[in-house]
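Colleague: Here is a sequence with its predicted model. Questions after.
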Amino acid sequence: MLVDLNTQHDFLDEEGSCRVHNAATLLPACRRVIAWARRNHVPMISAMDTHRPFEAPLDGFPVHCVDGSPGHRKLDFTLCPSRLFVEFDNTLAIPLDPFSECQQVIFRKRTRDLLSNPKADRFLTQLAAHEFILFGIGTEHSVKALTLGLLARSKHVTVVRDACGFWNRSEADLSLRQMEAKGATLITVEELMQRRQRRPVRYPSRLRLVGRVRVNGHVNGSPKPSVNGHPNGATLPNGNGHHRRGA
């Protein structure tokens with residue numbers, strides 16, 4: 001199971017409001033990881049950092065990944081043709097086996113820890129994956145929080161260290177050492193490229209929505225979601241989908 005954390009425009013674009021320090025080298029690394037997952041039909045879980053406009057920035061970070069803003073969107077190459085967007089709401093309702101119908105499941109998160117989303121927590125805790133392979137943004141916060149959370153749930157976690165973004169190199173290095181000390185396996189993109197999915201799974205090319213989703217001004221009602229719509233308060237993203245908060 002590949003886990004993609006916060007690969008969004010505000011963190012990786014040159015004009016992004018909260019660009020990571022190693023964005024120049026991180027972008028090609030993320031492209032290789034996503035290409036590997038698609039080539040080997042590896043299922044993916046993605047997290048989107050999402051903030052409301054009125055929320056105060058965290059620890060001095062600038063305002064970023066605000067709902068509806070261009071910086072909130074996921075990078076196009078990180079979106080699979082068949083994907084499911086699980087909306088953040090007050091229920092725990094999630095599909096029992098979404099990967100039977102799609103390759104990618106996308107969750108929002110409003111804090112640095114993906115497991116603070118009750119749906120994501122339930123889903124990841126119950127998911128019978130042999131291994132969780134993590135990459136994305138940022139090493140000091142979201143990557144470390146999810147790694148330690150999964151390890152506490154007795155999961156096998158691997159972190160692709162050179163496909164993780166950071167703002168402070170020394171803090172990132174310390175975080176990687178802490179994750180390794182707790183039992184995570186650290187690998188490089190080159191090492192990941194040598195792996196193969198033993199039993200590839202084929203996924204249909206379609207989108208689905210789960211939870212309370214606002215679609216063209218309507219909530220869970222007509223008109224039906226457009227394949228060319230957006231997930232953040234609108235409809236699911238396609239290749240040009242729009243997504244949006246702090247890693």
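Modeller: Here it is on my side, so go on.
Colleague: what residues does stretch 30-42 touch?
Modeller: Stretch 30-42 is contacted from outside by 1-2, 4, 7, 12, 44, 75, 77-78, 80, 103, 133, 135-136, 160, 163, 189, 192-193, 195-197, 200-203, using Cβ atoms under 8 Å, 6 or more residues apart in numbering. Yep, even glycine has a C-beta here, placed from its N, CA and C like the rest.
Colleague: Would you mind listing the buried residues in that stretch?
Modeller: By 16 or more other Cβ atoms under 10 Å, the buried positions in stretch 30-42 come out as 30-34, 36-38, 42.
Colleague: Next: stretch 177-185.
Modeller: By 16+ other Cβ under 10 Å, the buried positions in stretch 177-185 come out as 179, 184.
Colleague: now do the same end-to-end measure for that stretch.
Modeller: In stretch 177-185, first residue to last residue: 10 Å (Cα to Cα, to the nearest Å).
Colleague: got the contact list for it?
Modeller: 143-144, 147-148, 151, 156-159, 186.
Colleague: and if you look at stretch 11-22?
Modeller: 9-10, 23, 26-27, 30, 49, 61-65, 71, 75, 137-138, 165-169, 246-247.
Colleague: follow-up on the earlier one: okay, and which of the buried residues of stretch 30-42 map to helices?
Modeller: Members of the buried residues of stretch 30-42 lying in helices (criterion: DSSP state H): 30-34, 36-38.
Colleague: Same list (those residues) but as CSV, adding distance to Phe88 and pLDDT.
Modeller: Listed next are those as CSV, based on distance: Cβ to Cβ, whole Å; pLDDT from 0 to 100:
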residue, distance to Phe88, pLDDT
Cys30, 24, 96
Arg31, 27, 95
Arg32, 30, 96
Val33, 25, 96
Ile34, 23, 95
Trp36, 29, 95
Ala37, 24, 93
Arg38, 26, 91
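Colleague: Closest one of these to Ala129?
Modeller: Ala37 (13.4 Å; Cβ to Cβ).
Colleague: among the contacts of stretch 11-22, which are in helices?
Modeller: Short answer: the contacts of stretch 11-22 in helices (DSSP H) are 9-10, 23, 26-27, 30, 169.
Colleague: sorry, back to before: can you tell me which of the ones in helices among the buried residues of stretch 30-42 lies nearest to Lys109?
Modeller: Closest to Lys109, out of all of those and judged by Cβ to Cβ, is Cys30, at 18.2 Å.
Colleague: where do the helices sit along this protein?
Modeller: Using DSSP H, the helices of the chain run over residues 9-12, 23-39, 118-126, 144-152, 169-181, 189-193.
Colleague: helices or strands next to the biggest strand by length in the chain in the packing?
Modeller: Longest strand in the chain by number of residues, with DSSP state E as the criterion: strand 157-165. When contacts are defined as 3 or more Cβ pairs under 8 Å, 6 or more residues apart in numbering; DSSP states H and E, strand 157-165 packs onto helix 23-39, strand 132-137, helix 144-152, helix 169-181, strand 185-187, helix 189-193.
Colleague: Recalculate using a threshold of 6 Å.
Modeller: Judged by 3 or more Cβ pairs under 6 Å, 6 or more residues apart in numbering; DSSP states H and E, the packing partners of strand 157-165 are helix 23-39, strand 132-137, helix 144-152, strand 185-187, helix 189-193.
Colleague: CA atoms only: put that strand into CSV for me.
Modeller: The C-alpha trace of strand 157-165 is given here as CSV (Å, rounded to 0.1, in the frame of the first residue of the first chain):
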residue,chain,number,x,y,z
VAL,A,157,6.0,0.8,7.6
THR,A,158,8.5,1.8,5.0
VAL,A,159,9.5,5.4,4.4
VAL,A,160,11.0,6.5,1.0
ARG,A,161,13.4,9.0,2.6
ASP,A,162,14.5,10.9,-0.5
ALA,A,163,10.8,11.2,-1.7
CYS,A,164,9.9,13.2,1.5
GLY,A,165,9.8,16.9,1.6
